[in-house]
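Q: coords below, sequence missing:
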């Protein structure tokens, strides 16, 4: 699995499934943007944003604009390990200090040039309800980089 993960992946979708109701929603909007990179040396980085983020009115965001921008992104970096289909991200730096120093597990399912990374049931970042989030990523190739 680790060899297949190495490289850069583009975010395709993020789906949240409510653990109690089974209801599925698009967690980051209709066309989320993001990249995740797994390096051969065991390091990783990720950044995700909602595609419908509002641009600040001026060069410096107001406090509310800054809060809205913060809530519509996710970014962290650290190391990773792979055991079977479980990937563990060991977060060393993060957009949200609550995540720094934590371990985030993802269950990986490969599907051609895509990988689906799912969380275990955990509280949703927005609602706090127990849910499973599945992020679908597409592997970038040299042809797709241009």
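A: Alright, I've got the coordinates. Owing to the predicted nature of the structure, the values given are computational and were not obtained by experimental measurement.

Q: For the rest of this, base every contact and every neighbour count on C-alpha atoms.
A: Fine.

Q: Tell me the bridge partners for residue 11.
A: Residue 11 forms beta bridges with residue 137, as assigned by DSSP bridges.

Q: Same check on residue 90?
A: Following DSSP bridges, residue 90 is listed with bridge partners residue 79, residue 103.

Q: For it, give me its contacts.
A: By C-alpha atoms under 8 Å, 6 or more residues apart in numbering, residue 90 lies in contact with 78-80, 101-104.

Q: Same list (the residues you listed) but as JSON lines, adding distance to residue 124, pLDDT and neighbour count.
A: Listed next are the contacts of residue 90 as JSON lines, based on distance: C-alpha to C-alpha, whole Å; pLDDT from 0 to 100; neighbours: other C-alpha atoms under 10 Å:
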{"residue": "78", "distance to residue 124": "22", "pLDDT": "98", "neighbour count": "18"}
{"residue": "79", "distance to residue 124": "23", "pLDDT": "98", "neighbour count": "17"}
{"residue": "80", "distance to residue 124": "22", "pLDDT": "98", "neighbour count": "21"}
{"residue": "101", "distance to residue 124": "19", "pLDDT": "98", "neighbour count": "13"}
{"residue": "102", "distance to residue 124": "16", "pLDDT": "96", "neighbour count": "15"}
{"residue": "103", "distance to residue 124": "16", "pLDDT": "97", "neighbour count": "16"}
{"residue": "104", "distance to residue 124": "14", "pLDDT": "94", "neighbour count": "14"}
